[in-house]
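Novice: this one's sequence-less:
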């Protein structure tokens, strides 16, 4: 997906990177609904939108959108290996932040 996004960002066919992200998000939603309709693993009730739940998850969604925007901008100005390194390093920073701020360690058993 990163390679496809980089290729589309480099061509002048897609002038708005956020339009590309929107198209990918709509495709993912449609695939989830198709998965719920045609398989027994996910029910359509799991996909219903409740406004109270949406309000609670709004900050998380805003952070997710910001992450998508910065990722697309990073792909526009940096190479794919550089973006991949930054994505992998961010996991180390997240684990360090969990340890420093919450005192939690992930235990693998």
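Specialist: Cool, got the structure. Because the structure is a prediction, the values reported are computed rather than measured. Numbering: from 1, shown residues only.
Novice: Pull out the buried positions in the longest helix along the chain.
Specialist: Using DSSP state H, we find that the single longest helix of the chain is helix 51-77. Across helix 51-77, burial judged by 16 or more other C-beta atoms under 10 Å covers 68, 71, 72, 75. In short, each C-beta sits where N, CA and C put it, glycine included.
Novice: go on, stretch 20-40?
Specialist: 20, 21, 36.
Novice: and the worst-scoring helix or strand of the chain on mean pLDDT, how far out from the chain's middle?
Specialist: Within the chain, confidence by mean pLDDT, DSSP states H and E is lowest for helix 2-10 among all helices and strands, at a mean of 75. How far helix 2-10 lies from its chain's middle: 16 Å, per C-alpha atoms, centre = their mean, to the nearest Å.
Novice: Touching that helix from outside, list them.
Specialist: 14, 17, 20, 72, 75, 76, 80, 83, 84 (C-beta atoms under 8 Å, 6 or more residues apart in numbering).
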